[in-house]
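**Q** quick one, what's the 3D model for this:
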Amino acid sequence: MTAATAGSGTAEGGGPLVGMRVVELGGIGPGPFAAMLLGDLGADVVRVDRPGGAGSGLDAGADIVNRNKRSVLIDLKSPDAAGLVLGLAARADVLIEGFRPGVAERLGVGPEPCLARNPRLVYGRMTGWGQDGPLAPRAGHDIGYLALTGALAMTGPAEGPPVAPANLLGDYAGGSLYLVTGVLAALHAARSTGRGQVVDAAIVDGVAHLSTLIHGLLAAGAWQDRRAANLLDGGCPYYGVYATADGGHMAVGALEPRFYAEFARLLGLDEAERDTADRADPARWPALRARIAARFATRTRAEWAQVFDGSDACVEPVLSLGEAPDHPHLAARGTFTEHGGIRQPAPAPRFSGTPAAIRRGPALPGADAEAVARDWDLPELKTQGGEDR
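**A** Got it, this is the predicted structure:
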C-alpha cells in the first residue's frame, strides 16, 4: 500500500486500512457504498465528482455514504480529464468505477491505461449485470437483479407478489460487499505477485452466491421453490412475524427445539402446541400459525417485548429505523453514532487493534482539491475547483 502522507486524513481515527489510497469515480449506489466502507476502515478515499453532481438528488452535506472521503471535481468529458484521473490512478492502490461496460474505456480511464500507469493497481468495476453477457449494456436496478437471480421470488407472502427488500440485498450485499471482498483479495495477491488486476463485481453474481445455502437445500429436496413454504421464508410458524394488539410486530426465530420450548412457554401455548416433535410437520403449520397469531394479538408490542426480554426464545420487537438506535443493546454497543448532527450507523466490523472511526463528514464536491493535490503530489488538481475544508 502507498504510505500515508502528512495531512492525508488517514491517520486520524486509525483503522486497518490506513495507508491505502482509493480513487472512486463518483456515481450512485453500490460503488459509493463500497468506497465508504473502505474509507470507514481507514483508507484515504478520493472521490472524483462530476460538475452538477452524481444524480442522487441528496444534499451533499447529508449524503453520509460519502463520509470518510475527500472530493475533487473533474469533468470526465473534458480534454485533460483522463490525464488527471490517470495521475490519481498512478498514485493509488485501488480504483473503483460503476459505469456501464465500455464507458470508462471511452473516457480514457479504463483498466488498460490505468494498469499501464500503475501495474499494481486493483481496478474495481461495479455493475448490476457484469462486464459481459447479453444484458451487460442494459440499464438496471436492484429489484431487477433480484428478480433474475431467483432471490426476489423468495420474499413476501405466499399469496400476492414478492416484496422488495429495499435495496439492501442487491446493491449493498450482492454488490458493495462483494466488490470490497474482491478488492481486498486482489490487493493481497498484488502484495505477493506485484501485479494488480481487474475485479468484475456484478450484483447478479453476488446475489446468486448469497443463495448458495438455499440452492443446496433445493437440490436435497429440503426447500420448496415457492414463497412462504419453507423453514426460513415465513412458511414455518415459529420463524416469522406476527402483529400485536397495537399494530406493532414481533419477529420469531425459535427454530431449535430448546428455543421453541421457551418461546411456547412464554407465549402461553398449551401442552399440545408446545410439542417439539409435531411442530416440524408442515401439515400442522397452518393451525399452529393461527394459534400463535391469536396469542400475539392479545398484547401490545411493548408488553410482548417485556415478556420475552432476557429469554432464549429468539423473539424480538420489530423496530423502525428511527427506533433502532435507541434499543438498549444497540446503544450499549454504539452500533449507531452521531457525526455532524446526523445519526448514522457506526463503522463495522470492529477491530481490537486498529479501530475504525468516522473521521470526516460527507465530502462536498470539489472541496478537497487543494489538499489532495498536496497529499498525492498532483499539483494540477488545484485548478479543478472547490475549497479545501
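**Q** low-confidence ranges, this structure, go.
**A** Judged against pLDDT under 70, the low-scoring parts of the chain cover residues 1-13, 54-56, 276, 384-389.
**Q** which SS state does residue 374 fall under?
**A** Going by DSSP: H, G, I helix; E, B strand; the rest coil, the secondary structure assigned to residue 374 is helix.
**Q** actually, residue 252.
**A** Under three-state DSSP, residue 252 comes out as strand.
**Q** now do the contacts for it.
**A** Residues in contact with residue 252, defined by C-beta atoms under 8 Å, 6 or more residues apart in numbering, are 238, 239, 240, 241, 242, 263, 292, 314, 315. Just so you know, the C-beta spots here come from the backbone N, C-alpha and C atoms, and that holds for glycine as well.
**Q** does the most centrally placed residue in the chain belong to a helix, a strand or coil?
**A** What sits nearest the mean C-alpha location of the chain, by C-alpha atoms, centre = their mean, is residue 172, with 3.2 Å. Under three-state DSSP, residue 172 falls in the helix class.
**Q** could you check how far the closest residue to it other than its chain neighbours is from residue 381?
**A** Spatially, and ignoring its direct neighbours in sequence, residue 172 is nearest to residue 33 (5.6 Å; C-beta to C-beta, 6 or more residues apart in numbering). Separation of residue 33 from residue 381 (C-beta to C-beta, to the nearest Å) stands at 25 Å.
**Q** higher neighbour count, these two?
**A** Set residue 33 next to residue 381 and count neighbours by other C-beta atoms under 10 Å: residue 381 wins out with 26 against 21.
**Q** before we move on, back to that, can I assume the residue nearest to the centre of the chain is in contact with residue 36?
**A** No - between residue 172 and residue 36 there is no contact under C-beta atoms under 8 Å: 10.4 Å.
**Q** picking up where we left off before, show me what contacts the residue nearest to residue 172?
**A** Shown in contact with residue 33 (C-beta under 8 Å, 6+ apart): 65, 171, 172, 175, 176.
**Q** before we move on, what about residue 273?
**A** With C-beta under 8 Å, 6+ apart, residue 273 has these contacts: 264, 288, 291.
**Q** ok, now residue 72?
**A** Residue 72 neighbours (C-beta under 8 Å, 6+ apart): 46, 47, 48, 49, 366, 368, 369, 372, 381, 384, 386.
**Q** confirm that it sits in a strand.
**A** Yes - Residue 72 forms part of a strand when assessed by three-state DSSP.
**Q** any idea which element the residue nearest to residue 172 lies in?
**A** helix 30-40 (DSSP states H and E).
**Q** what helix or strand is residue 359 located in?
**A** Residue 359 belongs to no helix or strand when elements are defined using DSSP H and E.
**Q** quick one: the residue nearest to residue 172 and residue 209, what's the gap?
**A** 18 Å.
**Q** thinking again about what came up before, tabulate the contacts of residue 273 (JSON lines), appending distance to residue 151 and neighbour count.
**A** Below are the contacts of residue 273 laid out as JSON lines (distance: C-beta to C-beta, whole Å; neighbours: other C-beta atoms under 10 Å):
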{"residue": "264", "distance to residue 151": "32", "neighbour count": "24"}
{"residue": "288", "distance to residue 151": "27", "neighbour count": "20"}
{"residue": "291", "distance to residue 151": "31", "neighbour count": "18"}
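**Q** tell me which of those residues fall in helices.
**A** Among the contacts of residue 273, the members found in helices (DSSP state H) are 264, 288, 291.
**Q** quick one: neighbours of the closest residue to the second one other than its chain neighbours, just the number.
**A** Sequence neighbours aside, residue 237 is the residue nearest to residue 288 in space, at 4.5 Å (criterion: C-beta to C-beta, 6+ apart). The local packing count at residue 237 equals 22, with neighbours defined by other C-beta under 10 Å.
**Q** and what of residue 78?
**A** Neighbours of residue 78 (other C-beta under 10 Å): 12.
**Q** got the residue ranges for the helices in the stretch 101-250 of the chain?
**A** Taking DSSP state H, counting those that start in this stretch as the test, the helices found in the stretch 101-250 of the chain are 103-106, 111-117, 142-149, 177-193, 203-210, 212-219.
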